[in-house]
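[1] what follows is a predicted protein model with its sequence.
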Amino acid sequence: MSPESSKSVLQRMDLVLSAIQQQRRQTLTEVCQATGLPRTTVHRFLDHLVEMRWLSRVGNEYEFGVRMLELGTGDHHWFPPLAEPELLSLHKRTGLTVHLTFLDGAEVVVWKRFAGRESALLPTGVGTRHPAHQTASGKAILAAAEPALLATYSQGPLSAATAHSITEIEQLAVEVARIRQGGLARDHGESWHDVGCIAGALTTETGHRTRHGNPMIVAVSLTGPLAEVRRSHTLEPELRATLTLLRAGMSEHYAARARRAG
């Protein structure tokens, strides 16, 4: 198969998986309508993906299978296992929900989650996606990335999840500039009513990119009842301490990798 043909197959496969991701579960007809691909092509892809356990078939509908769920834990990448002890410690010290996220396109994706006392307030889980401008994690990553990323992100309209969501490009730019000065981002009910969040970002792989070309920057966040997040004076130092420990762990990882390569 030529490189051009291989790329075409992968692009069509990506369309099929993205269609199912958007609705969680879809029929063959619905996938065809969402992708615009011929029915025979979609049927062949779906059969192959089910056979390889990337998808599961439930009646006449398709959803993500066990292979996708296994990869969704993030444990195939070196950083989540390295970060997990510190994230779990942060969760235990604060009692709040801790998320590890990364930016994919204009959305943040949950990579790891440690549920807090008020986790019922949060419809999040591994693989959950949210518009970056509505979350503390997304704003922290935008602030840590090169300015060109914000310029690209700002080309589209900004959707609102609550009355407190940022909807103007200029407002987002001011917020990102403030975060660059202080190092941490906040969300005061911008994603969900009565839910607050504080987040900081880390660059895990210099030069590496996600499938949408975003730099491999992750965010660690603390999420809980808005009133609690607002009045607490300990969350910011707790989060900063965790970020410092994670940076030290990454430095050790890079040094060990350099020694092995040498």
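    Yep, it's here.
[2] so for whichever helix or strand P237 is part of, what's the average pLDDT?
    Using DSSP states H and E, P237 maps to helix 235-261. Averaging pLDDT along helix 235-261 yields 88.
[3] same for that helix, what does it pack against?
    For helix 235-261, the elements it packs on are helix 79-94, strand 195-209, strand 215-225, judged by 3 or more Cβ pairs under 8 Å, 6 or more residues apart in numbering; DSSP states H and E. To be clear about C-beta, it is placed using only N, CA and C from the backbone, and glycine gets the same treatment.
[4] wait, A106 touches P131, no?
    Yes - contact criterion Cβ atoms under 8 Å: A106 and P131 qualify, at 6.3 Å.
[5] ok, now which ones touch the residue nearest to the spatial centre of the chain?
    When Cα atoms, centre = their mean is applied to the chain, the residue found nearest the centroid is V109 (1.6 Å). Going by Cβ atoms under 8 Å, 6 or more residues apart in numbering, V109 touches 101-103, 127-129.
[6] and it, that's in a strand?
    Yes - according to DSSP: H, G, I helix; E, B strand; the rest coil, V109 belongs to a strand.
[7] the chain should start at 15 in everything you say after this.
    Got it, first residue is 15 now, which makes that one V123.
[8] now do the helices in the stretch 15-164 of the chain.
    17-37, 42-49, 53-65, 80-86, 93-108, 150-158, 161-167 (DSSP state H, counting those that start in this stretch).
[9] out of those, which is closest to R274?
    Counting by Cβ to Cβ, R274 lies closest to helix 93-108 out of those; the figure is 15.6 Å.
[10] now the angle from the closest one to helix 249-275?
    Relative orientation of helix 93-108 versus helix 249-275 (axes from the mean of the first three to the mean of the last three Cα atoms, to 10 degrees): 160 degrees.
[11] what residue ranges in the stretch 65-214 of the chain score low on pLDDT?
    80-91, 133-135, 168 (pLDDT under 70).
[12] thought T218 was touching M264?
    Yes - counting by Cβ under 8 Å, M264 is a contact partner of T218 at 6.6 Å.
[13] mutual contacts of these two, please.
    What both T218 and M264 touch, as defined by Cβ under 8 Å, 6+ apart, is the set F93.
[14] now, of the contacts of V123, which are buried?
    115-117, 141, 143 (16 or more other Cβ atoms under 10 Å).
[15] nearest to G50, of these?
    Checking the buried ones among the contacts of V123 one by one against G50 (Cβ to Cβ), the nearest turns out to be R143, at 22.2 Å.
[16] how near is the closest one to R274?
    For R143, the distance to R274 equals 35 Å [Cβ to Cβ, to the nearest Å].
[17] how does the protein divide into domains?
    By the assignment in automatic domain parsing, the chain contains the domains 17-84, 87-272.
[18] so of those domains, which one's packed in deepest?
    Each of these was given a mean neighbour count from mean count of other Cβ atoms under 10 Å, and the largest, a mean of 18, is that of domain 87-272.
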